[in-house]
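Student: what's the 3D shape of this:
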Amino acid sequence: MASNHPPENGVDGDDEREEDDDAEEEEDEEEREDEEGEPRLKYQRLGGSVPSLLSNDAAASIAVAERMIALGTHDGTVHILDFQGNQVKEYAAHTATVNDISFDSEGEYVGSCSDDGSVVVNGLFTDERLKFEYHRPMKTIALDPDFSRKPSRRFVTGGLAGQLFLNLKNWLGYGKQVLHDGEGPIHAVKWRTNLIAWANDAGVKIYDMANNQRISFIERPRGSPRPELLLPHLVWQDDTLLVVGWGTCVKIAAIKTNPSNGANGLQRTISISSAKYVDIVASFQTSYYISGIAPFGDTLVVLAYIPEENAEKDFRSTVPSRQGTAQRPEIRIVTWKNDELTTDALPVHGYEHYKAKDYSLAHAPFSGSSYAGGQWAAGDEPLYYIVSPKDVVIARPRDAEDHISWLLQHGWHEKALAAVEAGQGRTELLDEVGSRYLDHLIIERKYAEAASLCPKLLRSSASAWERWVFHFAHLRQLPVLVPYMPIENPQLSDTAYEVALVSLATNPSFHKLLLSTIKSWPNTLYSSMPVISAIEPQLNTSSMTDFLKEALAELYIINTQYEKAFVLYADLMKPEIFDFIEKHSLHDAIHDKVVELMTLDSKRAVQLLILHRDFIPPSEVVGQLIGASKKCDEKYLLHLYLHSLFEIDPQAGKEFHDLQVDLYAEYEPKMLLPFLRSSQHYRLDKAYEICVKKDLVREQVFILGRMGNVKQALAVIINKLEDMEEAVEFVTMQHDDDLWEELIKQCLRKPEMIGMLLEHTVGNLDPLYIVKKVPDGLEIPRLRDRLVKIITDYRTETSLRHGCNDILKTDCVNLLVKYYNEARRAVHLGIEEEGNRKKEDDTAFGQKVERASSSIKTMELKSKTRGGGRCCLCFDPFYIQNLSVVVFFCCHAYHISCLIGASDSMNEASNASDSDDDSENDDTQPSRSGMCCVLCTTAGR
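Tutor: Have a look, this model is predicted:
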């Protein structure tokens, strides 16, 4: 039998897709995907006005505020852009390359410096503009974070002159103060709260504006390229952490206030005061040049420039200068221990021709406290801007939807689905993820798994369900989807359900599923006719299974074709077919299914056939059972039917009684004798032959007796049964004296039988008669004991007879005495109504009458002879006429005149005379002895 469970990957051999030829390549690709880590950032080019601005110019520097971006170019222009890249303002601040740009913390002022030796500060929301000339190329600038809030308007700047200037406004105007000089050009400067950090050829220094003193010096990494070839990069991660990226070295310095000597070999404290000091909390070397660095939560984002192979180990040499051989710049996320988390190569335009110093990295200010558990709070995600001469690329942390998209791109659809279900990303993503996941499983030929996920992925979308139903049908894999199809919320079109059922019907492996589906689905979901039309051609073919037959029967029931359903149920031998017949009154349909019903449940079938024998006559039932195949015991089934039929109606199957004799003899011999006694519709000779053949002795005796062969029957009892008691009973029932002679004759042949006959004939035959018949010299076993027993029994019987006679005599005497006593009692005659009236009128003698009535009632209770107060012939009350009254012991009473007249008429009619009528009475007094009750006499006649 075909298995009901579909193959793990769907229906075997029915897929229209071709298998992939190279499975090993797929496995290798999956391994590579597993090794590839998910990126932390996503990238896009800054659009808006940027492409057109850089088409005729080149970007040189960038700064990012909370509300805008400032982009400096080589022609000396500062462009103010929004975050989409649209130009908001433009300042033609310089005549040469803009080397650095700085915003204050409020984003209201922007400062820039240039190779033309000028520094310009512009108000973004006012017309205020400050310009300062230093007559030497200025490389870096940093505005006081409180520039817009303080009237001092402070900023620091430096350049090739090697001096770090602090510019501020006092009551005399703007002045400048040299914070440091003498150690080469100033390459970078950053201002955070009261701390200023700058880098020159010697290293990095930190100045405390609150105490007006320098607090630390971080030495330039050894072996790093010259600053003019590869600039150092300074970034304040927060108020106390400074990140330094220089060449191939990264150092993280922590500003501490604890006056302890926590310095190490990488730090030299040159300040006399111990209020603050610097501790290098992390330091590592890289295999690439650092073109920019920024914090990324508790890790770092590094803009990496990959050096040429011949220059990797010689950091003192110049950077690669060959044109067109540079590699793509990379964004790497690393921990403080230099563990690389992700690496992304950037598709920067013209990267082949750029050097390390041509790139820069800026990040938007963000609150570090909003980073928790690897995710930023909404709106606090950092933005990173990677600047090359002709391109600006934005990098931002990937969100949940990016994570899901990446999982989908790499084929990890299950993880993507889990992420969506966990609440990551928009709810609408579930449809997209589900669709792509199902597509992936279909491509991988994992049809069963795809089907099992449909309820979760398609949910209550009827259109999506129907789309996938027909898609599975197109792939010939719809049977694996059927168990998961919804029948409500949503309810699909009837066509979808019909297509599903037809797909199950055409594959024998799913016929069992078809049956369970039809039973579980409401029949209002679909039309049964298309499914019936698909199944009916399979009848009487090799693809027709029992499950399919039962499914077709269920469909016939849905379509109210009960007769066709009954035929299939009968073929399937379903036990519930009997209830089905009664429920739908299909008694006419069972004519040709007698054998099947009897084979299925003979007891219920017999009850059904006998109950409805008007529809199915016994002749038809017997004919089908006789013609049944040898697969069933048709004779036994026939016996059950005829036996039950005979018990219900002995005349219904009388034409089959001859057959029934044979069936009883074979299957139930004990019931044969009662049947022979009850039936008159069988042939005695044939029945006798059957009994002889089956050696049924008592049945032979009965048949011989009914045939009149009583002597032969008696011989069978004597010779075969050797049961004298039965022989005596048989002879007694025949009431034939000659048969007694035959019994004695038969017994004389066997001395033992004579003794048994003497024992059982007491009361039927005279034992002396039997003894006289015994030949002289015949030896009878236990004769003496048996004669003693006969005599004893005779004495006992005689004693019993005498006792019974005595008892009878005594009873007769007692009954006569009782009768005599009854006859001596008076018979009360009267009408109770009249007596009651007299009792009411007679008030004087009330108590006496009451006592008299009481005594009369007592007498009435004791006596059974009561008469009425009227004549039984004329029906007049006795007290009306003054005539004599005659009362008989039967309690009938008459006027004497009425009785004489009636007696005369009776005598004349019977021609009888009574000679004693005139001898004892006068003329007016007839003889009482000749009188009799008219009513009783008439009734007796």
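
Student: contacts, neighbours, all on C-alpha from now
Tutor: OK.

Student: What distance separates the opening and closing residues of stretch 579-589?
Tutor: Stretch 579-589 has an end-to-end distance of 14 Å (criterion: CA to CA, to the nearest Å).

Student: For the stretch 201-350 of the chain, which segments count as strands?
Tutor: Here the stretch 201-350 of the chain has its strands, by DSSP state E, counting those that start in this stretch, at 203-208, 213-219, 233-236, 241-246, 249-256, 267-268, 277-285, 289-296, 299-305, 330-334, 340-345.

Student: Name every strand pairing with the last one and say which way it goes.
Tutor: The sheet places strand 340-345 alongside strand 330-334 (antiparallel), with pairing taken from DSSP bridges.

Student: With the longest one instead?
Tutor: Counting by DSSP bridges, the strands paired with strand 277-285 are strand 249-256 (antiparallel).

Student: outside of the partner strand, which residues touch it?
Tutor: Here strand 249-256 makes contact (CA atoms under 8 Å, 6 or more residues apart in numbering) with 221, 240-245, 276-286, 290.

Student: Now restrict the residues you listed to buried residues only.
Tutor: Neighbour-count burial (16 or more other CA atoms under 10 Å) is assigned, among these, to 221, 241-245, 276-280, 283, 285, 290.

Student: tell me the two of those that are most distant?
Tutor: 276 and 290 (28.7 Å; CA to CA).

Student: average pLDDT across the lengthiest helix in the chain?
Tutor: For the chain, the helix with the greatest residue count under DSSP state H is helix 783-824. Averaged over helix 783-824, pLDDT sits at 81.

Student: What of stretch 624-635?
Tutor: On average, stretch 624-635 scores 76.

Student: Would you quantify the distance from the closest residue to residue 336 other than its chain neighbours to residue 868?
Tutor: Leaving aside its sequence neighbours, residue 336 sits nearest to residue 282 (CA to CA, 6 or more residues apart in numbering; 6.0 Å). Separation of residue 282 from residue 868 (CA to CA) stands at 143 Å.

Student: Give me the below-cutoff pLDDT ranges for the stretch 651-800 of the chain.
Tutor: Applying pLDDT under 70 to the stretch 651-800 of the chain flags the ranges 722-723, 725, 736-737, 743, 748-787, 790.

Student: the helices in it, which residues?
Tutor: Secondary structure of the stretch 651-800 of the chain by DSSP state H, counting those that start in this stretch: the helices cover 657-667, 672-678, 684-694, 697-707, 710-716, 724-734, 737-748, 751-760, 767-773, 783-824.

Student: Make a markdown table out of these and add mean neighbour count and distance to residue 401.
Tutor: A markdown table is the format used below for the helices of the stretch 651-800 of the chain (neighbours: other CA atoms under 10 Å; distance: least, CA to CA, whole Å):
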| stretch | mean neighbour count | distance to residue 401 |
| --- | --- | --- |
| helix 657-667 | 20 | 83 |
| helix 672-678 | 16 | 90 |
| helix 684-694 | 16 | 93 |
| helix 697-707 | 19 | 97 |
| helix 710-716 | 20 | 106 |
| helix 724-734 | 17 | 105 |
| helix 737-748 | 17 | 116 |
| helix 751-760 | 20 | 112 |
| helix 767-773 | 13 | 122 |
| helix 783-824 | 13 | 118 |
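
Student: Name the SS class of residue 392, please.
Tutor: Assigned by DSSP: H, G, I helix; E, B strand; the rest coil, the conformation of residue 392 is strand.

Student: Surely it is in contact with residue 362?
Tutor: No. Because the distance of 10.7 Å does not satisfy CA atoms under 8 Å, residue 392 is recorded as not touching residue 362.

Student: Need the overlap of contacts for these two.
Tutor: With contacts defined as CA under 8 Å, 6+ apart, the residues adjacent to both residue 392 and residue 362 are 385, 386.

Student: Tell me which of the two has more neighbours.
Tutor: The neighbour comparison of residue 392 against residue 362 (other CA atoms under 10 Å) goes to residue 392, with 26 against 19.
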